[in-house]
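[1] Next come a sequence and a model predicted from it.
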Protein chains: 2
Amino acid sequence: MKRSMYAGRVRAEHVGQEITLKGWVARRRDLGGLIFIDLRDREGIMQLVINPESASASVMETAESLRSEYVLEVTGLVAQREQANDKLPTGQVELHVTAITVLNTAKTTPFEIKDGVEISDDTRLRYRYLDLRRPEMLDNLKLRAKVTHSIRNYLDALEFIDVETPFLSKSTPEGARDYLVPSRVHEGHFYALPQSPQITKQLLMNAGFDRYYQIVKCFRDEDLRGDRQPEFTQVDLETSFLDEQEIQDIVEGLIAKVMKDTKGIEVSLPFPRMKYDDAMNLYGSDKPDTRFEMLLQDVTALVRGLDFKVFAEASVVKAIVVKNAADRYSRKDIDKMTEQAKQYGAKGLAWVKYTEGSLNGPVAKFLTAVSDSLTEALDLAENDLVLFVADTPEVAHATLGALRLRIAKELDLIDTEAFHFLWVVDWPMFEWSEEESRYMSAHHPFTLPQAETSHELEGDLSKVRAIAYDIVLNGYELGGGSLRINQKDLQERMFKALGFSNEEAHEQFGFLLEAMDYGFPPHGGLALGLDRFVMLLAGEENIREVIAFPKNNKASDPMTQAPSPVSAKQLDELSLHVESHEEK
Amino acid sequence: MKRSMYAGRVRAEHVGQEITLKGWVARRRDLGGLIFIDLRDREGIMQLVINPESASASVMETAESLRSEYVLEVTGLVAQREQANDKLPTGQVELHVTAITVLNTAKTTPFEIKDGVEISDDTRLRYRYLDLRRPEMLDNLKLRAKVTHSIRNYLDALEFIDVETPFLSKSTPEGARDYLVPSRVHEGHFYALPQSPQITKQLLMNAGFDRYYQIVKCFRDEDLRGDRQPEFTQVDLETSFLDEQEIQDIVEGLIAKVMKDTKGIEVSLPFPRMKYDDAMNLYGSDKPDTRFEMLLQDVTALVRGLDFKVFAEASVVKAIVVKNAADRYSRKDIDKMTEQAKQYGAKGLAWVKYTEGSLNGPVAKFLTAVSDSLTEALDLAENDLVLFVADTPEVAHATLGALRLRIAKELDLIDTEAFHFLWVVDWPMFEWSEEESRYMSAHHPFTLPQAETSHELEGDLSKVRAIAYDIVLNGYELGGGSLRINQKDLQERMFKALGFSNEEAHEQFGFLLEAMDYGFPPHGGLALGLDRFVMLLAGEENIREVIAFPKNNKASDPMTQAPSPVSAKQLDELSLHVESHEEK
């Protein structure tokens, strides 16, 4: 029999109809001789009733054999329920079963198939096909499909051309670590899986495509954390002849459409713009969460003259005021925050509480001389807690930025229903890497410098500014974009500034430099992290919740056991030998 | 200045408007003091006129500096052309330029940017960004985007859920050669890039997704030929609870929509069905090109009693009749065909010509006894050429199937505007592999056998039939699908039939077998080769023409030089050592 409809879609209007459903036994209850089955399919749950007074002996026999997760085909008459269940969309009706076929049986599942069950991450991934049966997971994946559908319709309407770019691409030294793919035909040669189709999409602009997009997997072989996976999905777009404002307008329209289509929310446009420097100074982050205040305040000048070395000698002293929460934080609590502060490089965390009209706490005595001006400057009120970090601007920002988020969560200051989008603009071109002892691209080496700062490519690299823009949602970097370099001489200067010799630049990026000889148009674009966007739309805290088959934090799949050893023949064909580090 | 519209879209209705265009100089002509520029963008070409009588000195100076492929921003007044050019959609109008800005210059390109230019494949790929500027290439890629857009809209409307499956997956021994990706975290372990998301999509059915689709890259490390690339794109779909007819209906609807949306062609549904055996017997191919006849005819019984060993002793004697073309094929031509026949394993090619009412040619004398009955059976007429192959059915089919195609091309028998779709159904489950001396899956080991033949899994494997269906277009396999096994015991029997020990089956596919313990629904699906489909829609003969950045036939990219050597550090992090075959 063909299915008449999804079980989750039976409604009062179907009463009296004979229908056939197919799905899984979510629950069976035997009550007063009757057998009740909750039949689950992807659209919901529908109650089946098998009544020995009306059902045939064979239907009763089958019904009595049913266990959870059996797969059924059932036919019956839709009837009004005597007692409606308002929690279920199908709660007005039930199906009086006249025929059942068991399409497949099931063993007892390793965990119950329902929302809100505590299961270890590895068990969930090992039995992902069962985990995905849980309505919240199915809903997350449906949401994801709805988001991409909405994005595609938007970009197709704007005449963006969907172009597939290669996965077997070239390894480049700049950026994160590549996943490599050994070539069988070219011994000792490797493809790299793309970290993003950055250069390729630029070449499509050179080819005159004018507007390109792709929803595409990208790969980075980095150590994993909550919102990182070895493979992730990017909404990648690029345009020619547009300025940054026009590109941002397109992206805002895209996001507004997704918010409307998936959450029914009308976001107000344009999104706020915040300069990178302001984001760092006020939020201690280049991806500020603007759903709450608690801004970083600069008290350096105020405390400069104090006889308190820690403050007087630091390059900056910055503070956050935790309003009306001094009593919520014990000395012990603050000790814990101090530990976190140290992870960000701070030497310590100074604090005072404003209680009964004065500053109190271990450093209060050093601040006596400025206590009034500090109280006024920080607009302190009874029961406020003030946290200070005296350090380099980088450390002060990172530390207070992190504490700000921690405290907001602890004090429940965040409206979790809110979606705060903003642009962070006016980025530095380079970031100093302590690890590599050199300046590296804050975005990538193809970013167009602001014309009035590009002379600093041969001067002070910290002063070069980029025409780059990140889009931030609720404290997450949702995506980033920029205008790109389309002039060969400027691109060569950029590589030089990054420490490439002319030879290295041409060996790695010669094809791009060469392409700039042939009428490369002005262009720019952006890439959005789809996993993160969907995660935030779904109200989840880990991108694994919106990916059908993610890897665990060891980059493994507990279900298939990938990665796995391969045969000697496979390695031999690739001219590869595994050389254990222990052997060396 | 913002662009007003694409250059290719200026029409008579815009006459009198001041507009700004951006694009490339396709051609410059200086005529009678005026400068004419063909400005090209992705939508077409528009004529610019710079007139020294009206243009400023600086505009003239800029105009005089222009060379091919310079990138321009031009502003001017749209005017009616004195002499319309009916070949161009913009041919009614021209732009009287009042301002020009050169946005970028260009060196002389290695080939002219226009359609129909002869360029070597490697040059085209080396400068792909220039090759893609040619309108026919841009059109191919636009067509591709239109096809995927059409497919997505169709499947979204049918509530298929677009789900992304992993690229870093598990290597399995069955099927083609995997591309491997070494793991850094797990020494000596490898991911494999998926040859198709076959098992993953089946697990999505187990998870209750009910209808899944994805347009997804797949990877096979095989030697390349015209319509193969290391990475290719599949329109992948899977459904639960549907039978093969219902799945085929969905696919037919999809194809009908694509044909309508992209070519304006109404295809008639349902598509013809042909049994695998009939395809082989009549067309010598499991992907018959039905745009022309010239069917294979079985004359075994007729020639059985002849005193002509070659015919009398062969297991089959099959023939094709080339109508009214005996005079088109010299003995030398037929010798060439004989060479081709030998490549397919045939010992030779026998032939006769029917001329002046009788059979002529070297083997005619052996056929005297049956010449009348043969003439009648093959319905011969004056000037027909008959080609015979006497061999095993496999060799006879392969040989005559190939010659049939060759001859049809040579004699121009094929209506190249026609699109002949058909289903090939009723497939054998297994194919004998000479290379491996064992039966292998004709499709894959997850295909559901026809119930009435599945007892032969423990008997004669050649008799097991699959519920499988390939869709064929103009002699190309466009896609293939099947119902799948959802019962553990049947899947285990299938692996056993394929020669897997129980241990091997569980080591490689244990997760799938285990999934069958938990209520795996009946399911089935199909995958379409997108590259091939778009190639046929575009009227191209190589899938490279519809892929933005394909590899050459050595699996290299002449532009980026991928694959390329990588650093010792990269190999060391992966615990890999390249071991030259020469060293061993």
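    Looks like it arrived, so ask away.

[2] for the lengthiest strand in chain A, packing partners?
    In terms of residue count, the longest strand belonging to chain A (DSSP state E) is strand A:18-31. Other helices and strands packing on strand A:18-31, by 3 or more CB pairs under 8 Å, 6 or more residues apart in numbering or on different chains; DSSP states H and E, are strand A:34-41, strand A:44-50, strand A:71-80, strand A:93-104. C-betas here are computed from N, CA, C, even on glycine.

[3] now the lowest-mean-pLDDT helix or strand in chain A, how far from the chain's geometric center?
    Ranking every helix and strand in chain A by mean pLDDT, DSSP states H and E puts helix A:309-312 at the bottom, with a mean of 89. Relative to its chain's centre, helix A:309-312 lies at 39 Å (CA atoms, centre = their mean, to the nearest Å).

[4] ok, and what's touching the helix or strand just after that helix?
    Downstream of helix A:309-312, the next assigned helix or strand under DSSP states H and E is strand A:316-322. Strand A:316-322 is contacted by residues A:284, A:294-300, A:302-303, A:311, A:329, A:378-380, A:384-393, A:396-397, A:400, A:403-404, A:407, A:411 when judged by CB atoms under 8 Å, 6 or more residues apart in numbering or on different chains.

[5] Which of those residues are buried? Put it as a PyMOL command.
    The buried residues among those can be selected in PyMOL (16 or more other CB atoms under 10 Å in any protein chain shown) with this line:
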select buried, chain A and resi 284+294+295+296+297+299+300+302+303+311+329+378+380+384+385+386+387+388+389+390+391+393+396+397+400+403+404+407+411
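
[6] From the contacts of strand A:316-322, which land in strands?
    Among the contacts of strand A:316-322, the ones falling in strands (DSSP E) are A:297-298, A:384-391.

[7] so how far is the top helix by length along chain A off the chain centroid?
    Counting residues, the longest helix found in chain A (DSSP state H) is helix A:135-157. Taking CA atoms, centre = their mean, the mean C-alpha location of helix A:135-157 is offset from the chain mean by 15 Å.

[8] ok, residues contacting it?
    A:42, A:44, A:114-116, A:131-132, A:162, A:211, A:213, A:215, A:235, A:237, A:253-254, A:257-258, A:261-262, A:530, A:533-534, A:537-538, A:540, A:545-546, A:548, B:149, B:152, B:156, B:161-164, B:207-209.

[9] Quick check: what element follows it along the chain?
    strand A:161-162.

[10] does chain B sit close to that following strand?
    Yes: interface with chain B: strand A:161-162 contributes A:161-162 (CB under 8 Å from any CB of the partner chain).

[11] How about stretch A:179-198, which residues are buried there?
    Here stretch A:179-198 shows A:179-184, A:186-198 as buried, counting by 16+ other CB under 10 Å.

[12] So which of those residues are in helices?
    Assignment to helices by DSSP H places the following of the buried residues of stretch A:179-198 there: A:Gln198.

[13] hmm, back to that, mind putting the ones in strands among the contacts of strand A:316-322 into TSV with pLDDT?
    Shown next, in TSV, are the ones in strands among the contacts of strand A:316-322 (pLDDT from 0 to 100):
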residue	pLDDT
A:Gln297	97
A:Asp298	97
A:Asp384	97
A:Leu385	97
A:Val386	97
A:Leu387	97
A:Phe388	96
A:Val389	97
A:Ala390	96
A:Asp391	95
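
[14] biggest separation within those residues, which pair?
    Between any two of these, the greatest separation by CB to CB is 22.2 Å, found for A:Asp384 and A:Asp391.

[15] ok, the residue of the stretch 351-500 of chain A found nearest chain B - contacts?
    Going by CB to the nearest CB, chain B is nearest to A:Asn486 of the stretch 351-500 of chain A, at 6.1 Å. Contacts for A:Asn486 (CB under 8 Å, 6+ apart) come out as A:448, A:516, A:520-523, B:104.

[16] Go again with 7 Å.
    Residues near A:Asn486 by CB atoms under 7 Å, 6 or more residues apart in numbering or on different chains: A:516, A:520-523, B:104.

[17] so which of those is the most crowded?
    Most neighbours among the contacts of A:Asn486, by other CB atoms under 10 Å in any protein chain shown: A:Phe520, with 28 neighbours.

[18] The residue nearest to that one when sequence neighbours are not counted: helix or strand, and which one exactly?
    Among residues not flanking A:Phe520 along the chain, A:Asn486 sits closest, at 4.2 Å (CB to CB, 6 or more residues apart in numbering or on different chains). Under the criterion of DSSP H and E, A:Asn486 resides outside all helices and strands.

[19] Between strand A:44-50 and the longest helix of chain A, find me the angle.
    Relative orientation of helix A:135-157 and strand A:44-50, computed by axes from the mean of the first three to the mean of the last three CA atoms, to 10 degrees: 130 degrees.

[20] then helix A:135-157 to PDB, C-alphas only?
    The C-alpha atoms that make up helix A:135-157 are tabulated as PDB, following Å, rounded to 0.1, in the frame of the first residue of the first chain:
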ATOM      1  CA  PRO A 135      13.100  14.900  16.600                       C
ATOM      2  CA  GLU A 136      15.400  17.700  17.700                       C
ATOM      3  CA  MET A 137      18.200  16.400  15.500                       C
ATOM      4  CA  LEU A 138      16.000  15.800  12.500                       C
ATOM      5  CA  ASP A 139      14.600  19.400  13.000                       C
ATOM      6  CA  ASN A 140      18.200  20.800  13.100                       C
ATOM      7  CA  LEU A 141      19.000  19.100   9.800                       C
ATOM      8  CA  LYS A 142      15.700  20.200   8.300                       C
ATOM      9  CA  LEU A 143      16.500  23.800   9.400                       C
ATOM     10  CA  ARG A 144      19.900  23.500   7.800                       C
ATOM     11  CA  ALA A 145      18.300  22.500   4.500                       C
ATOM     12  CA  LYS A 146      15.800  25.300   4.800                       C
ATOM     13  CA  VAL A 147      18.600  27.800   5.300                       C
ATOM     14  CA  THR A 148      20.500  26.700   2.300                       C
ATOM     15  CA  HIS A 149      17.400  26.700   0.200                       C
ATOM     16  CA  SER A 150      16.600  30.200   1.300                       C
ATOM     17  CA  ILE A 151      20.200  31.400   0.600                       C
ATOM     18  CA  ARG A 152      20.200  29.800  -2.900                       C
ATOM     19  CA  ASN A 153      16.900  31.300  -3.800                       C
ATOM     20  CA  TYR A 154      18.100  34.700  -2.700                       C
ATOM     21  CA  LEU A 155      21.400  34.500  -4.600                       C
ATOM     22  CA  ASP A 156      19.900  32.900  -7.700                       C
ATOM     23  CA  ALA A 157      17.400  35.800  -7.900                       C
END
